[in-house]
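K.L.:
Build the 3D model from these lines:
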Amino acid sequence: MDLNFNKNEDHNKLLVSTLKNKLAKVKLGGGKDRIEKQHKQGKLTARERIKYLLDPEKPSIEIGAFAGEDMYEEHGGAPGGGVVVKIGYVKGKQCIVVANDATVKAGAWFPITAKKNLRAQEISIENRLPIIYLVDSAGVYLPMQDEIFPDKEHFGRMFRNNAVMSSMGITQIAAVMGSCVAGGAYLPIMSDEALIVDKTGSIFLAGSYLVKAAIGESIDNETLGGATTHCEISGVTDYKSKDDKDALDTIKNIVSKIGDFDKAGFNREKAIKPKKDPKDIYGILPKARSEQYDMREIIERLVDDSDFEEYKEGYGKTILTGYARIDGWAVGIVANQRTLVKTKKGEMQFGGVIYSDSADKATRFIANCNQKKIPLVFLQDVTGFMVGSKSEHGGIIKDGAKMVNAVSNSVVPKFTVIIGNSYGAGNYAMCGKAYDPRLIVAWPSAELAVMSGNSAAKVLLQIETASLKKQGKKISEEDEKELYDKIKARYDKQISPYYAAARIWTDAVIDPAETRNWISMGIEAANHAPIEKKFNLGVIQV
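P.N.:
Numbers count the residues shown, from 1 in each chain. The predicted structure follows:
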């Protein structure tokens, strides 16, 4: 191994260490004091509830762990968006679990909380995956009610989704393990079955203080909407549990009796570990974004037996396409090639850039995977489409549009891993968030933006200096450098994978070593949903 490999390895392992430290902080939720307060109330925390519910010997993945990071500091912060979402197994059945974190503002809903909950429901709907809600929330965070209450993708969409999911036959189970107030009271009752924990769980449209203010009635919360009331008088809930663990045990029993599901029928064989060590990825992935590397070396450390059957290997070389298996599942891989490549005509093409021939190859390959019912995996390290007169005259817009069309209309499940750059229209063509990947994750080395930090800072600097000069101000070289550094620092923060994850533009930032597990669990989830549409490209320019 060369010195460059060792430098890359040190850099990428440091990025992974930072990731793990950030995750450890997120897992504390509202902090140790609030966790202790939860325990004193006789309640488990959201993470403890999920840990007890899920099969311990099976893998799980967490959706949106960094939701809300650095977004609500003026309100005291909202780690994880105040809700924990995991895909795992309950009694051997794959499910998605949504648990309010009452250590964060009593489980109140921030705008990002709604977005994260809706993302969980979206995953459930797309994959026909059973969903379990562990409810412990004070409802909408009132200081931000205007950003969460009335719009299409706000709080009320949850209950609309409850109804739609029920009509689709998707199992929904809710356990009321703490507060469940106002509009939030509809979620458990619109689920198939609802449980409530005695003495700690409560459901009502208005609490005792509001009831007193509204109609003058004096009543305590337990009598108003506790477990005894709703299990024995109103009939609102179906099961009364003595504590959190009793409620979770009941959920396990219910899930264990759910019948089998119709399968999409994606091909799977016995899993084989990669021949080439996945840990080598840390040394292969360059520290400097301008450096080249062979994406095949990454692929061979992600796929079973390091076996990648390449499609059109000699054509459109800045995108790699081919067939492989990940944890036994057959997949079609579309990946940006980051080396400088030479065409048969002797022309050099820049790595990470999509050329007309690359887009054409990818379009054809995506169509083939749809024909064969093979899930698609996109590995992004893309700076965009090739520009300039030669590309424009050659029809790069037309060929790029064909690729975007194929990605948009693909009916097989798509999974996206952002390895490095994810810039401009390249993000779109390589199945960015707007193109409905079933799961989209980023490595700590990822960057998402319209263009790179250097390029954007130079463009913004030109605009800024021109504006200042119009105002008659003189700009020295020192002033220009200071302004450039300020602009670049701001832009660099926005292109961070954590900035994207905070806004749920991606589902997670993950250690590269976890990639196989994410894709495998994603395809297993997708296998719950038979493909009902036919692949149709529609009208395209040929």
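K.L.:
which residues make contact with the helix or strand hosting Q380 from outside it?
P.N.:
Secondary structure assignment for Q380, by DSSP states H and E: strand 376-382. Contact partners of strand 376-382, identified using Cβ atoms under 8 Å, 6 or more residues apart in numbering, comprise 295, 298-299, 326, 331-336, 338, 352-354, 366, 369, 410, 412-423, 426-427, 429-432, 437, 446, 519. Every C-beta, even on glycine, is put in place using the N, C-alpha and C of the backbone.
K.L.:
How is this structure partitioned into domains?
P.N.:
Per the TED database, the domain ranges recorded for the chain read 1-30+264-446+506-541, 31-256, 452-495.
K.L.:
so what's K212 closest to, chain neighbours aside?
P.N.:
S218 (5.9 Å; Cβ to Cβ, 6 or more residues apart in numbering).
K.L.:
Then M403?
P.N.:
Take M403 and drop its neighbours on the chain: the residue closest to it by Cβ to Cβ, 6+ apart is A359, 4.2 Å away.
K.L.:
for A513, same thing?
P.N.:
P278 (5.8 Å).
K.L.:
quick one: the one you found and E300 touch, right?
P.N.:
No. Look at P278 against E300 with Cβ atoms under 8 Å: they stay out of range, at 9.6 Å.
K.L.:
give me the element the residue nearest to K212 is part of.
P.N.:
Under the criterion DSSP H and E, no helix or strand holds S218.
K.L.:
do the same with Q541
P.N.:
Assigned by DSSP H and E, Q541 belongs to neither a helix nor a strand.
K.L.:
So the closest residue to it other than its chain neighbours, which state does it fall into?
P.N.:
Excluding the flanking residues, the one nearest Q541 by Cβ to Cβ, 6+ apart is K398, at 4.5 Å. State at K398, reduced to three classes by DSSP: H, G, I helix; E, B strand; the rest coil: helix.
K.L.:
Tell me which residues touch G68, please.
P.N.:
Contacts of G68 (Cβ under 8 Å, 6+ apart): G77, A78, P79, G80, G81, G82, F110, I112, T113, A502.
K.L.:
Let's see that with 10 Å instead.
P.N.:
When contacts are counted by Cβ atoms under 10 Å, 6 or more residues apart in numbering, G68 touches 26, 77-83, 104, 110-113, 115-116, 501-504.
K.L.:
quick revisit: would you mind listing the residues touching both of P278 and E300?
P.N.:
Common contacts of P278 and E300 (Cβ under 10 Å, 6+ apart): S306.
K.L.:
hang on, the earlier thing: number of residues surrounding the residue nearest to A513?
P.N.:
Using other Cβ atoms under 10 Å, P278 is surrounded by 18 other residues.
K.L.:
Return the residues in contact with R490.
P.N.:
For R490, the contacting residues are G453, A456, A457, L460, by Cβ under 10 Å, 6+ apart.
K.L.:
Could you pick out the buried ones from those residues?
P.N.:
Among these, those classed as buried by 16 or more other Cβ atoms under 10 Å are G453, A456, A457, L460.
K.L.:
What I need now is these written out in CSV, including secondary structure for each item.
P.N.:
Supplementary listing: those in CSV, determined by three-state DSSP:
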residue, secondary structure
G453, helix
A456, helix
A457, helix
L460, helix
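K.L.:
For the residues you listed, which two are the farthest from each other?
P.N.:
The span of the buried ones among the contacts of R490, defined through Cβ to Cβ, is set by G453 and L460 at 10.4 Å.
K.L.:
Between these two, which contacts overlap?
P.N.:
Residues touching both G453 and L460 (Cβ under 10 Å, 6+ apart) are I487, K488, R490, Y491.
K.L.:
per-residue confidence for the second one?
P.N.:
K488 is assigned 82 on the pLDDT scale.
K.L.:
you'd agree it is in a helix?
P.N.:
Yes. K488 sits within a helix when classified using three-state DSSP.
K.L.:
For it, grab the count of nearby residues.
P.N.:
17.
K.L.:
I'd like the next helix or strand past the longest helix anywhere in the chain.
P.N.:
Counting residues, the longest helix in the chain under DSSP state H turns out to be helix 3-26. Sequence-wise, the next helix or strand downstream of helix 3-26 (DSSP H and E) is helix 32-40.
K.L.:
ok, then the element right after that following helix?
P.N.:
Remark: after helix 32-40, the chain's next helix or strand is helix 46-53, criterion DSSP H and E.
K.L.:
circling back: the residue nearest to Q541 is in contact with F385, isn't it?
P.N.:
No. With contact defined as Cβ atoms under 10 Å, K398 does not reach F385; the gap is 11.2 Å.
K.L.:
which residues are common contacts for the two?
P.N.:
Counting by Cβ under 10 Å, 6+ apart, the contacts common to K398 and F385 are S356, A359.
K.L.:
These two: which has the busier surroundings?
P.N.:
A direct count of neighbours by other Cβ under 10 Å for K398 and F385 places F385 higher, at 22 against 14.
K.L.:
on contacts alone, who are the packing partners of the longest helix of the chain?
P.N.:
Packing partners of helix 3-26 (3 or more Cβ pairs under 10 Å, 6 or more residues apart in numbering; DSSP states H and E): helix 281-284, helix 497-502, strand 508-509.
K.L.:
how about 8 Å then?
P.N.:
helix 281-284 (3 or more Cβ pairs under 8 Å, 6 or more residues apart in numbering; DSSP states H and E).
K.L.:
Could you give the average pLDDT over the helix it packs on?
P.N.:
98.
K.L.:
Just the element for T416, please.
P.N.:
strand 414-423.
K.L.:
Output that strand as PDB - backbone C-alpha positions only.
P.N.:
Provided in PDB are the C-alpha atoms of strand 414-423 (Å, rounded to 0.1, in the frame of the first residue of the first chain):
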ATOM      1  CA  LYS A 414     -34.000   2.500  -6.800                       C
ATOM      2  CA  PHE A 415     -31.300   3.100  -4.100                       C
ATOM      3  CA  THR A 416     -28.900   6.000  -4.100                       C
ATOM      4  CA  VAL A 417     -25.500   6.200  -2.300                       C
ATOM      5  CA  ILE A 418     -23.700   9.600  -2.500                       C
ATOM      6  CA  ILE A 419     -20.100   8.700  -2.300                       C
ATOM      7  CA  GLY A 420     -18.400  12.000  -3.200                       C
ATOM      8  CA  ASN A 421     -19.700  14.900  -5.300                       C
ATOM      9  CA  SER A 422     -23.400  15.300  -6.100                       C
ATOM     10  CA  TYR A 423     -23.600  18.500  -8.100                       C
END
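K.L.:
Going along the chain, name the strands of the stretch 201-350 of the chain.
P.N.:
202-204, 239-241, 309-311, 319-326, 329-336, 341-342, 348-349 (DSSP state E, counting those that start in this stretch).
K.L.:
Can you list the strands that the first one pairs with?
P.N.:
Okay, so that is strand 202-204. Looking at strand 202-204 with DSSP bridges, its partner strands are strand 172-181 (parallel).
K.L.:
One more: the fourth one?
P.N.:
Sheet pairing here is set by DSSP bridges, and for strand 319-326 it gives strand 309-311 (antiparallel), strand 329-336 (antiparallel).
K.L.:
Now tell me what touches the shortest one from outside.
P.N.:
For strand 309-311, the external contacting residues (Cβ under 8 Å, 6+ apart) are L320, T321, G322, Y323, A324, K361, F365, N368.
K.L.:
Kindly recompute the last result at 6 Å.
P.N.:
By Cβ atoms under 6 Å, 6 or more residues apart in numbering, the residues outside strand 309-311 that reach it are T321, G322, Y323, F365.
K.L.:
From those residues, pick the one nearest E126.
P.N.:
Closest approach between those and E126, by Cβ to Cβ: F365, at 22.6 Å.
K.L.:
Please report phi then psi for the closest one.
P.N.:
phi -70, psi -40 (degrees, to the nearest 10).
K.L.:
Which neighbouring elements make contact with whichever helix or strand comes after the strand holding T416?
P.N.:
Moving toward the C-terminus from strand 414-423, the next helix or strand (DSSP H and E) is helix 424-429. With contacts defined as 3 or more Cβ pairs under 6 Å, 6 or more residues apart in numbering; DSSP states H and E, helix 424-429 has these neighbours: strand 384-385, helix 396-409.
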